Each structure stands twice: as C-alpha cells, then as structure tokens.
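Q: here you go, sequence then predicted model.
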Amino acid sequence: MSLDPALRARIEGLLSANRVVLFMKGTRHAPRCGFSAAAVNALNGLLDDYASVDVLADEDIRNGIKVYGNWPTIPQLYVGGELVGGSDIILGMLNSGELHQVLGVPAPDRTPPAITITERAATAIREATADAGQDRLHLSIDPQFRAQFQLKPATGGEIRAESAGIEVLFDLHSAQRARGLEIDWAETVQGSGLVIRNPNAPPSVKPMDVRALKAAVDAGQVVVVDVRPPGDRARAPFAGARVLDEDTVGELSALPKDTRLAFLCHHGNSSRSAAEHFRGLGFRDVNNVEGGIDAWSREIDPSIPRY
C-alpha cells in the first residue's frame, strides 16, 4: 500500500521536529489504551520531555504511520527518525538497558531493591505458587504506586529480589519504586490477603472543594493547573491558572515537589487522571478540584459561564 506524498511529508515533519516521537492512542498525559500506557510509563521514567501524537485524533496519521514504518500496531516509538518498535519491544529494551542507549540516557541502576516479606506472607505465597511450574512471581508497581502480582515466565531482563526464601521479579521501573517495600499478610473482617507497604509512595491525591480552592488562591498558596482543552478554557476561563499541554508539561513537572497543586477541569473527572500523573512524578501535595469549573461557577463566581 502506497502512502500519499502529503501525508508522508506530515509524518516526516513530525519526526524531523522531534528526536523522540511516540505515536499512541491518547496523549502521554492521558493514554487511552493499555499498550500506550505501558509505553508512556517506560518513557516517562527516562525522559522529561518527548513528543506524543494521538492517532485517535487523526485518522490519516493513524493509518499512515502503519504504512510508513510497515508496522501494523499502535503504539509506535521513533527515535532520531528510526522506528524502534511497539509496546512489547519498548518494555523489553527498557529492562535490558537497550532503551537507555537508544535514548542517550545513563545506564540503569540494576541494584536489586531491599524488600521484606513477613513469614505469614511468605507462607501464603508458597501455598499460592506451589503449582506454578515454570512461572515466576512478578510484582509491577506503576507510576501511581499501584502494585500488581502476576505469575508468568521470566524473560531474563528482570531484576530479582529475595526475602524469606521468596524470589520476586521486578521490571526496571518497578524495582526503583520497590526499595524498602514490605509485603505482609493481613486478616480483617473484609477478608484476608497480602498487604503491601511502600515507603516511596507519595500521599494520595486529595479532593479539594471550590471554597477551599478559593481560600488557597486568595492566600497565594496553590498553583492551579487547568487541564481542559483550549475551547473550554476560552469559554469559561479560570484566571491565573497554569495550562497543562504538551508545551508546558516539562515546566510544570520541574516545579519543586512540595509545590501545592490543584488540578481543574469541567466537572473534576479528567483532572483526576492528570493529578494522579503528577503524584506519580513525586509531588506530595496534589489536589483535585471536585466539581471543576462548573462548581466554581455555581458556588464562587457566577460570572463564569456554565457549559
């Protein structure tokens, strides 16, 4: 299948303007499929800034990039104009250290994390994995510090940690997030199961109502981050808010990690995802404005149009 010359020129323009480009579903701040999210998580741990192209917003690019690189799936990572591959290849290269070389960043620290597994937890794990065969116990920890156990074969690139005679395999980023982690067993009225305590996890995103937001704004104690699209911001502006988009994410991410952040959208839904992203970056005082600009208009400033 041939590629339209004008579309080829558009793609080559994107690649020439940005050394690292991820063609994905959604954006790096709001991935819209699991494979794109996995690729974003890998890149975000290595780079402060790179270009992402939402193929769901441009059907021509969505179909054209598959022809351009002769690669049938999304996401696709390009570095220096060359196709690296899709999600599985990105993750494999991450754990082996090859991705660091391609991106020109320092080699990864592959020191196994020090973890603690209590005897009660170790007993439960041994019982649960007794029939695992060749499968091994993996623990992944995503940027929001959500942990997930899996039994699956080892690929060879994992980082291995051991406690109480139990071996746990981590991908590269999860290993960094797992330092000092404790795995225990708890029995409560709700049931019993493994409990993970992670000292590296930042505090949870906190709900903030619009009256608390107004008090913080008036006192100059918060940075408001507006995650709405340009049309919505123009229709109902929030004075003094910082805009979150591809051009500003690097600047906002570089703010001191104790900066108090409040994320704002239309009703408080999409802003929550952005808030979780910044929590994953290590910010310790992250707030989501409940009810969004709509609640602000209803309760604080009725001059702001509702839509």
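A: That came through fine.
Q: use CA for all of it now, contacts and neighbours both
A: Noted.
Q: check residue 1 and give its pLDDT.
A: If you check residue 1, the pLDDT there is 63.
Q: per-residue confidence at residue 140?
A: Model confidence at residue 140, expressed as pLDDT, equals 95.
Q: residues contacting residue 22?
A: Residue 22 makes contact with 50-53, 75-78, according to CA atoms under 8 Å, 6 or more residues apart in numbering.
Q: repeat that for residue 245.
A: Taking CA under 8 Å, 6+ apart, we find residue 245 in contact with residue 227.
Q: that one: which element?
A: Following DSSP states H and E, one finds residue 245 outside all helices and strands.
Q: and what of the one 5 residues further on?
A: Following DSSP H and E, one finds residue 250 within helix 249-253.
Q: buried ones in that helix?
A: Of the residues in helix 249-253, 249, 252-253 count as buried by neighbour count, 16 or more other CA atoms under 10 Å.
Q: report the secondary structure state of the nearest residue to residue 81 once chain neighbours are set aside.
A: Nearest residue to residue 81, sequence neighbours excluded (CA to CA, 6 or more residues apart in numbering): residue 15, at 5.3 Å. Counting by DSSP: H, G, I helix; E, B strand; the rest coil, the backbone at residue 15 sits in helix.
Q: which of the residues in stretch 84-94 are buried?
A: For stretch 84-94, the neighbour count (16+ other CA under 10 Å) marks 84-87, 90-94 as buried.
Q: which pLDDT value belongs to the residue nearest to residue 81?
A: Per-residue pLDDT puts residue 15 at 97.
Q: can you tell me what sits against stretch 39-46?
A: With contact meaning CA under 8 Å, 6+ apart, stretch 39-46 is reached by 28, 31, 75, 86-87, 90-91, 94, 100, 105, 142-143, 173.
Q: in JSON lines: the residues you listed, plus secondary structure and distance to residue 221.
A: Listed next are these as JSON lines, based on DSSP: H, G, I helix; E, B strand; the rest coil; distance: CA to CA, whole Å:
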{"residue": "28", "secondary structure": "coil", "distance to residue 221": "28"}
{"residue": "31", "secondary structure": "strand", "distance to residue 221": "30"}
{"residue": "75", "secondary structure": "coil", "distance to residue 221": "39"}
{"residue": "86", "secondary structure": "coil", "distance to residue 221": "42"}
{"residue": "87", "secondary structure": "helix", "distance to residue 221": "40"}
{"residue": "90", "secondary structure": "helix", "distance to residue 221": "40"}
{"residue": "91", "secondary structure": "helix", "distance to residue 221": "39"}
{"residue": "94", "secondary structure": "helix", "distance to residue 221": "39"}
{"residue": "100", "secondary structure": "helix", "distance to residue 221": "38"}
{"residue": "105", "secondary structure": "coil", "distance to residue 221": "35"}
{"residue": "142", "secondary structure": "coil", "distance to residue 221": "30"}
{"residue": "143", "secondary structure": "coil", "distance to residue 221": "26"}
{"residue": "173", "secondary structure": "helix", "distance to residue 221": "33"}
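Q: looking at the residues you listed, which is nearest residue 195?
A: Closest approach between these and residue 195, by CA to CA: residue 142, at 16.4 Å.
Q: show me where the protein has helices.
A: Along the chain, the segments classed as helices by DSSP state H run 5-17, 34-44, 59-68, 87-96, 98-103, 119-128, 172-177, 210-218, 230-235, 249-253, 270-280, 292-299.
Q: what angle do the last one and helix 270-280 make?
A: Spelled out, it's helix 292-299. What separates the directions of helix 292-299 and helix 270-280 is an angle of 120 degrees, with axes from the mean of the first three to the mean of the last three CA atoms, to 10 degrees.
Q: what is helix 292-299 packed up against?
A: helix 210-218 (3 or more CA pairs under 8 Å, 6 or more residues apart in numbering; DSSP states H and E).
Q: tell me which other helices or strands the helix it packs on touches.
A: In terms of contacts (3+ CA pairs under 8 Å, 6+ apart), helix 210-218 is packed against helix 292-299.
Q: circling back: most neighbours of all the contacts of residue 22, which one?
A: With neighbours taken as other CA atoms under 10 Å, the top of these is residue 75, carrying 30 neighbours.
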